[in-house]
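Peer 1: just need the structure, nothing else, for what follows:
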Amino acid sequence: MKRHIRRGGLPAAALLPVLALAVACSGTGGPAGAGEDAGRTPAASEAGDRSAPLTAGGLKAALLTEAEAEAAGFTVTGGGARTGAAADDADGDATEPAACAALREVRSEEAPGRGESAAAWSMMYGRDGAGALRKTVLTSYPAKTARSRVAELRRAVDSCDRFSVRNPYGAASFTTETLPVPDLGEEVVRYRLLGRTQTTAGDKGYAYSLVTAVRVGGVIATVETSELLGPLPPARLAEFEPEPGPDEPMIAALVEKVSGSAGG
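Peer 2: Numbers count the residues shown, from 1 in each chain. You can find the predicted model right below:
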């Protein structure tokens, strides 16, 4: 996909409220559409259909521990767990087109209306504490619902080349690019977002996210790598295509652990 992005820059602290535009939001899935089997393991077991969704405690236990994260080259800096779905959208975010909200909600720990039975999440950085944030979000559902959520996400990736988000802090416009998927879990969706943000004070900047969503039974495991970008010349922006390669061992370790917890 060719991107047309204007130059801008902004200190990280000023961008943080607007970066939240790219996360929590609700969305409801429609009927499964064509192409939903793309990224799905042909021999995927559906035994999880008869299993109760994992609890918050079960999801939290499926996250990488501090030692496991360290072994993969990362340091856990925070996290939490919750029973049930998030209550509401306190920031009043609005996505246009509305169907693109799935691109944001799957990677958020606080997405209202998503309907999960439980959620657990953690944040990690590289050992030196610098670079991009890695956020893991695990959500549990009945397996049929989890499959519908992944189908909804895939439709959004396929149709939302561009979308915008507004909240009281400002506005952001994003481009979406589909990325090749790894051989993990039962279904995988992977995409890259590049966003141009502007606060209500007029400050401008850029941010990117790499998102990998893997379904194992009734659990959707999402890993997002995101970073605020400083001023970049137009030529650099045109060729800016970060890849999730450095995170692959960590993502694989997480999915293996989730598979054990989910009975996959």
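
Peer 1: use CA for all of it now, contacts and neighbours both
Peer 2: Will do.

Peer 1: Thr200 - nearest residue in space that isn't next to it in sequence?
Peer 2: In space, and not counting its chain neighbours, Thr200 is closest to Gly170: 4.7 Å by CA to CA, 6 or more residues apart in numbering.

Peer 1: cool, Thr175 as well?
Peer 2: Thr175 sits nearest to Arg162 (CA to CA, 6+ apart), 4.5 Å away.

Peer 1: mind listing what that neighbour touches?
Peer 2: Contact partners of Arg162, counting by CA atoms under 8 Å, 6 or more residues apart in numbering, are Ser173, Phe174, Thr175, Thr176.

Peer 1: quick check: beta-bridge partners of the last one?
Peer 2: So that's Thr176. Beta bridges link Thr176 to Leu193, judged by DSSP bridges.

Peer 1: distance from the chain centre to stretch 94-102, please.
Peer 2: Distance, stretch centre to chain centre, for stretch 94-102: 15 Å (CA atoms, centre = their mean, to the nearest Å).

Peer 1: show me the helices in the stretch 101-250 of the chain, by range?
Peer 2: Taking DSSP state H, counting those that start in this stretch to define them, one finds helices in the stretch 101-250 of the chain at 102-105, 143-159, 234-239, 248-262.

Peer 1: convert stretch 57-64 to CSV, retaining C-alpha atoms only.
Peer 2: Presented in CSV, the C-alpha positions along stretch 57-64 are these (Å, rounded to 0.1, in the frame of the first residue of the first chain):
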residue,chain,number,x,y,z
GLY,A,57,-6.6,-16.0,37.0
GLY,A,58,-6.1,-18.5,34.2
LEU,A,59,-5.3,-15.8,31.7
LYS,A,60,-2.9,-14.1,34.1
ALA,A,61,-1.1,-17.4,34.6
ALA,A,62,-0.8,-17.7,30.8
LEU,A,63,1.1,-14.4,30.5
LEU,A,64,4.9,-14.6,30.3
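
Peer 1: what does that stretch rub up against?
Peer 2: With CA under 8 Å, 6+ apart, stretch 57-64 has contacts from 80-81, 118-122, 136, 138-140, 253-254, 257-258, 261.

Peer 1: what's the farthest-apart pair in those residues?
Peer 2: For these, with distances taken as CA to CA, the pair at the greatest spread is Ala118 and Ala253 (21.2 Å).

Peer 1: higher neighbour count, the two?
Peer 2: Ala118 (24 against 16; other CA atoms under 10 Å).

Peer 1: make a markdown table out of the contacts of Arg162 and add neighbour count.
Peer 2: A markdown table is the format used below for these (neighbours: other CA atoms under 10 Å):
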| residue | neighbour count |
| --- | --- |
| Ser173 | 21 |
| Phe174 | 22 |
| Thr175 | 20 |
| Thr176 | 23 |
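
Peer 1: ranking the helices of the stretch 101-250 of the chain by burial, who's on top?
Peer 2: helix 102-105 (a mean of 24; mean count of other CA atoms under 10 Å).

Peer 1: remind me what that helix packs against, helices and strands.
Peer 2: helix 143-159 (3 or more CA pairs under 8 Å, 6 or more residues apart in numbering; DSSP states H and E).
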